[in-house]
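# turn this into a structure:
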Amino acid sequence: MTRICFIAAPLIARSGVYNSTVELVRAGRKAGLEWTAVLGVSTKAGGSPLVEEGIREFAREPSGLGGVRRLSSDLSELPEVAAADLRVSMVPQTDMALSLRSAPWVAYLRGLPWPAPTEASALKTAAWRTLELAALRRAREVWATTPTLADDVGAAVDRLVPPGLVPPRAPSAKASTGDVVWAARFSRDKNPSLFLDALRGTPVQGVMYGSGPLEEQVGAEVPTNVRMGGWRSRDEVWASARVYVGTSTREAFGRSAVEAAMLGIPVVMSRAFGCAEMIYTDETLSRQLVLDPADVPAWTAAITRLTADEAFYTAVAAHAQSNAQRLTVESAVDNVRTAAEAVLHR
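Residues are numbered from 1 along each chain as shown. Below you'll find the predicted structure:
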């Protein structure tokens, strides 16, 4: 049986990639597969370290390109990594670390693996892109989660391997007059100011969950109808949610959007979300709810309508939920297993 080790280090939050990796390995092991995970997580990340068979979590702080060689050495000494037939990298620094070794590995891209133009200087973006592409050339294959991400990365991608996730637990009661929720890292690429602009001056009640470098700045700018909720578990995030709003300027998949849709919570999201075409397959709904981040009035109109028009809300919730329920972690396990076998036996 093929032994696969999924590696993600460093991680600055126990969210996105962290949760996806843990869920994938848990589901694989439940199916009888010899899968393990190695997760290097910042001590500043919210939540508590995971202690679970098959999953190793250790402290690892972001250290830029200078830490890549140390990470490569440290990973090579871990028994899960050494024993694997195939190593699957989940983040760019791990790509670079594994590229320094001869053992077989693949890069499973979950997001654009270098800074977007608005997130760093042109020089830094160019340097990071050059180094990452050099690392990807040493991988057995490069996988991407969505066509949107594959298009952004370009010819380096060899295969689409669609993701999936464990549905969140349904709240004990459906929120009939609940909050409009934003849940993400407070960083430039998540574009939190758009949420404030869209809700400012409306009767809609909003809440922002998460942590990150812009948290204090955003907290000082919130209008009276928006409150800061801090970092919360996903059960807490969805407990009172009526609508989810995803404002990111880049979001290769969009885990929170899929979770919300699985629960029958309508989603308003930017065109950057890779999952947008999976959740809204109706062209009219897509035009109304998958929006240009620059068009603030369109965001305000969509959010306001979902909080005021019950018939529209019900139709959107049913459509999104029906589509999202196909994106299960079991389907993701099958996708990864098929791709891994193809890599090792070609």
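
# contact partners for residue 231?
Neighbour list for residue 231: 46, 47, 209, 210, 211 [criterion: CB atoms under 8 Å, 6 or more residues apart in numbering]. Bear in mind the C-beta positions are built from the backbone N, C-alpha and C, glycine included.

# ok, now how distant is it from residue 203?
For residue 231, the distance to residue 203 equals 27 Å [CB to CB, to the nearest Å].

# before we move on, the earlier item: show the buried residues in the contacts of residue 231.
For these, a neighbour count by 16 or more other CB atoms under 10 Å gives the buried set as 209, 210, 211.

# among the residues you listed, which one sits closest to residue 142?
residue 210 (29.2 Å; CB to CB).

# for that closest one, grab phi and psi.
Taking degrees, to the nearest 10, you get phi 140, psi -180 for the backbone angles of residue 210.

# before we move on, the earlier item: which one of the buried ones among the contacts of residue 231 sits closest to residue 238?
residue 209 (10.0 Å).

# beta-bridge partners for the closest one, please?
Note on residue 209: beta-bridge partners residue 183, residue 230, judged by DSSP bridges.

# show me what contacts it?
By CB under 8 Å, 6+ apart, residue 209 lies in contact with 181, 182, 183, 184, 229, 230, 231, 232, 236, 237.

# repeat the analysis, applying 6 Å as the threshold.
183, 229, 232, 237 (CB atoms under 6 Å, 6 or more residues apart in numbering).

# mind putting these into a markdown table with pLDDT?
Shown next, in a markdown table, are the contacts of residue 209 (pLDDT from 0 to 100):
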| residue | pLDDT |
| --- | --- |
| 183 | 96 |
| 229 | 96 |
| 232 | 91 |
| 237 | 93 |
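
# so the nearest residue to residue 86 once chain neighbours are set aside versus residue 157, what's the distance?
Spatial nearest neighbour of residue 86, chain neighbours left out: residue 4 (5.1 Å); criterion: CB to CB, 6 or more residues apart in numbering. Residue 4 is 20 Å from residue 157, where distance means CB to CB.

# compare neighbour counts for those two and give me the winner.
residue 4 (24 against 20; other CB atoms under 10 Å).

# number of nearby residues for residue 286?
Counted with other CB under 10 Å, residue 286 comes out at 15.

# let me know the pLDDT of it.
Looking at residue 286, its pLDDT stands at 98.

# name the helix or strand for it, please.
helix 283-289 (DSSP states H and E).

# now the element after that helix, going C-ward?
Sequence-wise, the next helix or strand downstream of helix 283-289 (DSSP H and E) is strand 290-291.

# could you list the residues in contact with that next one?
For strand 290-291, contacts defined as CB under 6 Å, 6+ apart pick out 269, 271, 276, 280, 298, 299.

# cool, stretch 58-70 as well?
9, 10, 40, 42, 43, 96, 97.

# so what does the biggest helix by length in the chain touch, helix or strand wise?
For the chain, the helix that runs over the most residues, judged by DSSP state H, is helix 329-345. Under the contact criterion of 3 or more CB pairs under 6 Å, 6 or more residues apart in numbering; DSSP states H and E, helix 329-345 touches helix 16-30.

# show the low-confidence segments of this structure, by residue range.
118, 172-177 (pLDDT under 70).

# domain ranges for it?
Split into domains by automatic domain parsing, the chain comes to 3-164+329-345, 179-324.

# of those domains, which is nearest residue 171?
The nearest among the domains of the chain, by CB to CB, is domain 179-324 at 5.0 Å.
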